[in-house]
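Asks: Output the structure for:
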Amino acid sequence: MKEIHIIELLEQAPLARLSESELNTIRAHTSVCQSCAKAYEAAQLSTFLVKERAAETFEPSPFFQTRVMATWRERQNVASPLKMWKAAKALVSAMAATVAALAVLTFVVPDAGTEFEPRAANGYSAEEVIMGQEISSAEQMSYEQVLTTLYAAEDNEAR
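Replies: Down below sits the predicted model:
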């Protein structure tokens, strides 16, 4: 037994999982072999440290939860362009339908109904004047007549 070292036995499993016969073998061998006794003491010490560390309770800092939740909210609020378009799908659809309805109302409906033609005080409509209906030269006023008419009206108002 002096030639068989227990280091391999200690490395195979933790001390808590070793059977009673294996522990008796280890104790018997460590009384004779100094290097195995040191390995056994190291295994006992590491087992004790692991148990103590596992039993220790860890209290996070008071602001740990606040920081974690703030980081989580930041990641939630980072909106990708795809998310934004998914959210705006209904709005964009409604706007497109509105534009289509307005286009139909603008181009189709006026042709079907009666036309309203506003007329100026002299009896001409805007379309008749713009569309090139010629006024005879006798009816046209010269610049001098227009200016005289304008300034005469201002002179009358001043008096």
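Asks: where are the low-confidence patches of the protein?
Replies: Residue ranges of the chain with pLDDT under 70: 1-4, 78-81, 109-140, 157-159.
Asks: Mind naming the longest helix for it?
Replies: When the chain is parsed with DSSP state H, its longest helix is helix 34-55.
Asks: CA-only coordinates of the next helix or strand after that helix in CSV, if you can.
Replies: Next helix or strand after helix 34-55 toward the C-terminus (DSSP states H and E): helix 64-77. Output in CSV follows, covering the C-alpha atoms of helix 64-77 (Å, rounded to 0.1, in the frame of the first residue of the first chain):
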residue,chain,number,x,y,z
PHE,A,64,-27.7,47.3,-8.3
GLN,A,65,-31.4,46.7,-9.2
THR,A,66,-31.8,50.3,-10.4
ARG,A,67,-28.8,50.0,-12.7
VAL,A,68,-29.9,46.7,-14.1
MET,A,69,-33.5,47.9,-14.7
ALA,A,70,-32.2,51.1,-16.3
THR,A,71,-29.9,49.2,-18.7
TRP,A,72,-32.8,46.8,-19.5
ARG,A,73,-35.1,49.7,-20.3
GLU,A,74,-32.4,51.3,-22.5
ARG,A,75,-32.1,48.1,-24.5
GLN,A,76,-35.9,47.8,-24.8
ASN,A,77,-36.2,51.5,-26.0
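Asks: distance between helix 64-77 and the chain's centre?
Replies: 15 Å (CA atoms, centre = their mean, to the nearest Å).
Asks: Go ahead and name everything in contact with the longest helix of the chain.
Replies: Applying CB atoms under 8 Å, 6 or more residues apart in numbering, the set of residues contacting helix 34-55 from outside is 5, 6, 7, 10, 14, 15, 16, 26, 29, 30, 31. The C-beta positions use only the backbone N, C-alpha and C, and glycine is treated the same way.
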